[in-house]
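Novice: Build me a structure from this.
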Amino acid sequence: MAKDRRRLRAALRWVAAVAVFAVVGTGTAYGITRADRTDVPGLATHSDGRWDYPTLVKPPLPSGSPAPFAEANKVNAHYADLRRLVLPAPRGATADGALRGADGWLATKDFLALYADKADREELAGKLADYGLRHIAARGWTTPDGTHTGIYLLQFGSATITEKLLNTEMTVDDAPAYPVRGADTYLRDEAFPDAARITDVLLAPYVEDKPYGAEQVRLACLAAGDTFGVIVQSRKGEALAVPFQQTVTLQSELLS
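Specialist: A predicted model of the protein is given here:
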């Protein structure tokens, strides 16, 4: 019964997201890629720009360990293997082997390479150490349309730490405090539907402001319990909204 209720909540959330898109006139709709998604009207095909993700399955928790947002979990820790909580690549994508790291963990220096400015990298390295970074899990891929995606999950000691990182260290004045490579100026992504946000996951989505160069960048920072996430998508010409929103929401689901 609990699983049925979770599925119903997910279905209702995605139906609400579709309604948001209809109101703003985008004419697009997307849903979580699961075995039961064809039960939700309007979410049966990928012709609207969604990527074809494999069925998402959360890894099992160690015996006796609570879920991250269970009442008994006071620090909102993820006890499941973080490497198995990174969103898998959609079907047809080419994996970025450089983001797997040794034993599936990414070195901090490889995460910091995401940022173009040397001073930013040095400052952020100090902050990550001060906040007690434990390890980083990551995955990246390129889809046939040329969109490159990078997902980075950084685990700390508690939700208090990641929320502070999100609110005071990694964002400032509605913009990322540390621009990633390929983009200098961002706007808050106001088109990201509230209905597609996941309960218990704090989210700050951004889109590169015009004029941009050969590629456009979309960026999301999120805090989900003890895990801080950075999701980056870039594409020649324009980074499309639907796969970005789909990717961010599915990753949030896995961490919830």
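
Novice: Return the residues in contact with G104.
Specialist: For G104, the contacting residues are 83, 137, by Cβ atoms under 8 Å, 6 or more residues apart in numbering. Glycine gets a C-beta too; all of them are placed from N, C-alpha and C.

Novice: Next, find the distance separating it from A241.
Specialist: When distance is defined by Cβ to Cβ, to the nearest Å, G104 is 30 Å away from A241.

Novice: One more: H135?
Specialist: Distance, H135 to A241, by Cβ to Cβ: 31 Å.

Novice: Same question for A137.
Specialist: Taking Cβ to Cβ as the measure, A137 and A241 are separated by 26 Å.

Novice: who has more neighbours, the two?
Specialist: The neighbour comparison of A137 against A241 (other Cβ atoms under 10 Å) goes to A137, with 23 against 19.

Novice: Find the helix or strand that the more buried one is a member of.
Specialist: For A137, the enclosing helix or strand under DSSP states H and E is strand 135-142.

Novice: hmm, who's touching that strand?
Specialist: Under the contact criterion Cβ under 8 Å, 6+ apart, strand 135-142 has outside partners 82-83, 85-90, 93-96, 98-101, 104-108, 110-111, 148-155.

Novice: Could you tell me the average pLDDT over stretch 81-93, please?
Specialist: Stretch 81-93 comes out with an average pLDDT of 97.

Novice: buried stuff in that stretch?
Specialist: By neighbour count on 16 or more other Cβ atoms under 10 Å, the buried set for stretch 81-93 is 82-83, 85-90, 93.

Novice: now, which of those residues sits nearest Y212?
Specialist: Nearest to Y212 among the buried residues of stretch 81-93 is A93, at 23.2 Å by Cβ to Cβ.

Novice: ok, now which ones touch the closest one?
Specialist: Contact analysis of A93 by Cβ under 8 Å, 6+ apart lists 51, 141-144, 149.

Novice: Much appreciated, bye for now.
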